[in-house]
Structures are given as C-alpha cells and as structure tokens.
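Visitor: The amino acid sequence is not available; the structure is as follows:
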C-alpha cells in the first residue's frame with residue numbers, strides 16, 4: 001500500500017519529528033505502508049529552514065519527504081493555488097491508496113484534489129482552529145476576515161474528505177456540523193513508548209544528579225510559557241505546597257529559561273530547577289518528578305484539546321495536577337488513577353503505582369500501541385479507494 005502524508009507546516013524542529021515523521025516511520029515498519037511525505041512551506045523563511053532539515057526528515061521518516069513552497073493560507077485564492085501546487089507534487093509520485101492530511105487547511109487543499117482523482121483523503125483534525133483564531137486575534141477586523149476564510153476551509157475539508165480523525169470526542173462533536181456523514185474516529189495525541197517510560201534506576205540517577213533528597217516531592221512543568229498554559233498558576237500552586245509545609249522542589253523545562261527564572265524569583269533559593277533540554281532528555285526529568293503540572297482553563301480551545309504533554313506525563317507514571325480541563329485528559333487520568341485536582345494535597349506515587357500507571361498509559365496513549373487503530377482507519381480508506389476505482393471503471397467501460 002502506498003500513501004501520501006500532507007502537511008502545511010514545513011519541517012520545523014518542533015513536534016513534526018515526533019508527531020508526523022515518527023508516525024510515518026512506524027506506519028512503514030508496523031503496517032507496511034509506503035508513505036510519501038509532502039511538506040508545504042508557505043513563507044520563504046520557513047522554506048529555507050525546512051530545506052536545511054530535509055535530509056534529517058527523510059532519515060526520521062525512513063522514506064521519501066518532499067518540500068514545496070506554497071502560498072500563504074491567509075491570502076485570497078490560496079486554496080486553489082496550493083491545490084494546484086500539491087497536485088503537481090503528488091501526480092508523479094502516485095498512485096496512492098489514500099492521503100493523510102494533517103490539520104484543517106491541509107484537508108481543505110487535499111480533499112477536493114482527492115475527490116477529483118478518486119483518492120480518499122483523511123482529515124486529521126488536531127484542534128478547534130476557530131477558537132484558536134479567536135484567542136489569537138480577539139475581536140478585530142483581522143479576525144472577521146480570517147474567520148470567514150477559516151469557515152470556508154472547514155466546510156471544504158468536512159464536505160470533501162472521505163473520513164476524519166479527531167483528538168477528542170469533544171472535538172469530533174464541535175466539527176460534526178461540517179461533516180456530511182463520513183466515518184470518523186478519535187485518537188488522542190500520543191507519545192512514543194521508547195522515549196517515555198518509568199524506570200526506577202533512571203529515577204534514582206536523575207534525582208541524585210539534581211540533588212533531590214529521597215523525601216522531597218517534585219513537581220514538574222514542561223512546555224512554553226504561553227499564557228494559556230498558566231505557568232503563573234503552576235508557580236502559585238507550588239508556593240501553596242511550600243506554605244503547607246511540604247518539602248518540595250519545582251522543575252521547569254522550557255525554552256524560555258530567563259523568563260521562567262524571573263517568574264520564580266520570589267520562591268525560596270534552591271527549590272526550583274529551570275532548564276532547557278533536548279527532547280530525548282525530558283524522560284529523565286519526568287522520572288525524577290512525582291507530579292506533572294497541566295493547568296488549563298475551560299476555554300473553547302482547551303475543552304476540545306488533548307495535549308501531548310499529558311501522554312508523556314502518564315506514560316512515566318506521574319500523578320497529574322489538573323483543573324477540569326481538558327475534559328478528555330481528566331477522564332483518562334481518572335481511569336488511570338493518576339489525577340490530582342488542583343488544590344488537593346496528595347501523596348507522591350510509589351514505584352509500584354508508577355509502574356502500573358505507566359504500563360496502562362502506554363496501552364492507551366503509546367504511539368506503537370495505536371498502530372492497530374490506524375491500521376483499521378487506513379484499510380477502510382484503501383477499500384474506499386478500490387470502490388471509487390471500480391465505480392469509475394464501470395462508468396467508463
């Protein structure tokens with residue numbers, strides 16, 4: 001089986017390696033699907049930086065990765081122009097059993113092309129882009145203009161796709177009005193089992209390296225300091241734990257090291273570790289910790305979200321401190337038994353509790369474990385392809 005994976009994010013050194021290229025590699029190794037990745041960069045700067053990473057991307061994906069320059073989505077007519085450019089990239093590399101289109105704009109570009117060429121397209125919806133746009137632009141003229149374009153993109157993606165994939169049931173419900181009765185599935189954001197796991201020896205080594213005493217409870221925050229992640233609340237929660245008399249440390253893993261240190265400046269000396277680390281190093285810090293901080297307000301963006309961070313926390317056996325959002329994460333945490341409502345004192349998990357939680361989480365949230373679900377989705381798409389081809393043959397014969 002041959003397929004194409006299409007994205008309009010270029011090849012930035014962020015989640016693309018772990019969320020896209022690693023998935024493509026697993027699908028190739030586990031399912032025998034020969035994926036061709038077509039990454040579209042819609043600015044000169046992104047195109048140039050992506051071109052510098054092209055060989056690495058091919059190594060991670062274990063196959064063909066092509067980079068093309070596209071038109072900015074916010075410009076009028078971009079769907080038509082980018083559809084033409086994508087078609088030119090796909091045509092000589094086919095035929096394909098199906099196309100996996102990551103995110104709404106990619107689906108709006110690829111799905112009509114797929115209909116025209118009798119190639120089924122999977123709309124891989126990662127979040128509520130309408131709510132994200134509202135958060136970013138507020139009630140501005142730019143929101144009204146871009147919002148109208150976005151509504152059109154969602155209608156096109158929902159109408160023309162052959163099936164759809166959502167990260168939460170809440171997101172599927174939010175996007176249901178754009179669909180036309182096609183089948184859909186829910187797969188949360190996943191983490192690789194080989195990179196996120198619990199290991200007693202690793203925990204001991206990392207805590208020793210960080211100078212953490214055996215009786216110290218460790219809270220960890222991993223991510224950027226963007227407002228919706230509520231780092232201020234994390235610091236406030238940690239300050240409250242100290243006020244309760246807990247012997248505790250806070251680990252902050254973020255690229256914004258100096259800003260994080262400034263926010264934590266009034267905390268007692270020696271109780272905060274702030275670092276910017278490589279992705280492969282994160283697991284060690286998570287093993288050293290006891291509680292993962294995942295504080296989200298119940299905004300439209302968060303109500304439908306499933307952060308990859310939750311999968312990483314759970315697969316290392318951490319207890320996760322949350323409010324009532326994202327609800328899909330709260331539901332999974334309650335099933336795993338590792339949820340801690342914000343403001344509720346809790347004991348650090350034992351090694352046995354972490355081992356059990358990590359194993360169960362890997363089955364629910366591990367990328368390799370999810371391959372069987374993807375196999376069903378992809379096989380359905382391939383059968384759709386066969387049905388379309390048979391119908392076309394009957395019409396022309």
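Guide: The structure has been received and is ready for your questions. Just so it is clear, the structure is predicted and the values come from calculations on it, not from any experiment.
Visitor: for residue 369, phi and psi?
Guide: When read as degrees, to the nearest 10, the backbone of residue 369 gives phi -60, psi -30.
Visitor: Name the nearest residue to it, ignoring sequence neighbours.
Guide: Of all residues not flanking residue 369 in the chain, residue 363 sits nearest, at 5.3 Å (CB to CB, 6 or more residues apart in numbering). Just so you know, the C-beta spots here come from the backbone N, C-alpha and C atoms, and that holds for glycine as well.
Visitor: Could you name the specific helix or strand carrying the one you found?
Guide: Residue 363 is located in helix 351-365, with elements delineated by DSSP states H and E.
Visitor: Wait, residue 268 touches residue 242, no?
Guide: Yes: using CB atoms under 8 Å as the test, residue 268 is close enough to residue 242 to be in contact (6.9 Å).
Visitor: neighbour count winner among those two?
Guide: residue 242 (15 against 9; other CB atoms under 10 Å).
Visitor: check contacts around the residue lying closest to the more buried one once chain neighbours are set aside.
Guide: Nearest in space to residue 242, with sequence neighbours left out and distances taken as CB to CB, 6+ apart, is residue 248 at 6.3 Å. Contact partners of residue 248, counting by CB atoms under 8 Å, 6 or more residues apart in numbering, are 216, 217, 218, 219, 238, 241, 242, 271.
Visitor: swap in residue 198?
Guide: Neighbouring residues of residue 198 by CB under 8 Å, 6+ apart: 287, 315, 316, 317, 354, 355, 357, 358.
Visitor: repeat that with 7 Å
Guide: 287, 316, 317, 354, 355, 358 (CB atoms under 7 Å, 6 or more residues apart in numbering).
Visitor: Share the number of residues neighbouring the first one, please.
Guide: Okay, so that is residue 287. The local packing count at residue 287 equals 25, with neighbours defined by other CB under 10 Å.
Visitor: quick one: pLDDT of it?
Guide: Predicted confidence (pLDDT) for residue 287: 98.
Visitor: didn't it look like it was pressed against residue 316?
Guide: Yes: using CB atoms under 7 Å, residue 287 is in contact with residue 316, at 5.8 Å.
Visitor: Spit out the residues that contact residue 268 and residue 242 alike.
Guide: Between them, residue 268 and residue 242 share no contacting residue, judged by CB under 7 Å, 6+ apart.
Visitor: where does this protein dip in pLDDT?
Guide: Residues of the chain that meet the criterion pLDDT under 70 lie in 385-397.
Visitor: Contact partners for residue 10?
Guide: Residue 10 makes contact with 39, 41, 46, 47, 50 under the criterion CB under 7 Å, 6+ apart.
Visitor: check contacts around the last one.
Guide: Contacts for residue 50 (CB under 7 Å, 6+ apart) come out as 10, 11, 39, 41, 67.
Visitor: Which elements pack onto the top strand by length along the chain?
Guide: Ranked by number of residues, the top strand in the chain under DSSP state E is strand 34-41. Strand 34-41 sits against strand 2-7, helix 22-31, helix 44-52, strand 65-69, helix 78-90, with contacts defined as 3 or more CB pairs under 7 Å, 6 or more residues apart in numbering; DSSP states H and E.
Visitor: Any idea how far apart the tips of stretch 216-233 sit?
Guide: 21 Å (CA to CA, to the nearest Å).
Visitor: From residue 112, how far off is residue 351?
Guide: From residue 351 across to residue 112, the span is 53 Å (CB to CB, to the nearest Å).
Visitor: what about these two, which has more around it?
Guide: Higher neighbour count among residue 351 and residue 112: residue 112, with 19 against 12, using other CB under 10 Å.
Visitor: List the contacts of the more buried one.
Guide: Contacts of residue 112 (CB under 7 Å, 6+ apart): 83, 156, 160.
Visitor: Residue 275 too?
Guide: Per CB under 7 Å, 6+ apart, neighbours of residue 275: 253, 257.
Visitor: Is it bridged to anything, and to what?
Guide: Per DSSP bridges, the residues bridged to residue 275 are residue 253.
Visitor: those strands in the chain, which residues are they?
Guide: 2-7, 34-41, 65-69, 98-102, 121-125, 163-166, 184-186, 217-222, 248-253, 272-275, 291-293, 319-322, 339-341.
Visitor: how about the ones you listed, which one is nearest residue 203?
Guide: Each of these has some distance to residue 203 by CB to CB; the shortest is strand 217-222, at 10.0 Å.
Visitor: which outside residues touch that closest one?
Guide: 212, 231, 234, 238, 246-253, 282, 285-286, 288-293, 309, 348.
Visitor: How about stretch 371-381?
Guide: When contacts are defined by CB under 7 Å, 6+ apart, stretch 371-381 is touched by residues 26-27, 30-31, 33, 97-98, 120, 122, 162-163, 165, 183, 185, 187.
Visitor: same thing but 8 Å
Guide: Contacts for stretch 371-381 (CB under 8 Å, 6+ apart): 1, 3, 26-27, 30-31, 33, 97-98, 120, 122, 162-163, 165, 183, 185, 187.
Visitor: just to revisit the earlier point, need the strands of the chain in a markdown table with distance to residue 384, can you?
Guide: As requested, the strands of the chain are exported to a markdown table (distance: least, CB to CB, whole Å):
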| stretch | distance to residue 384 |
| --- | --- |
| strand 2-7 | 12 |
| strand 34-41 | 18 |
| strand 65-69 | 24 |
| strand 98-102 | 8 |
| strand 121-125 | 10 |
| strand 163-166 | 8 |
| strand 184-186 | 14 |
| strand 217-222 | 39 |
| strand 248-253 | 42 |
| strand 272-275 | 47 |
| strand 291-293 | 40 |
| strand 319-322 | 38 |
| strand 339-341 | 39 |
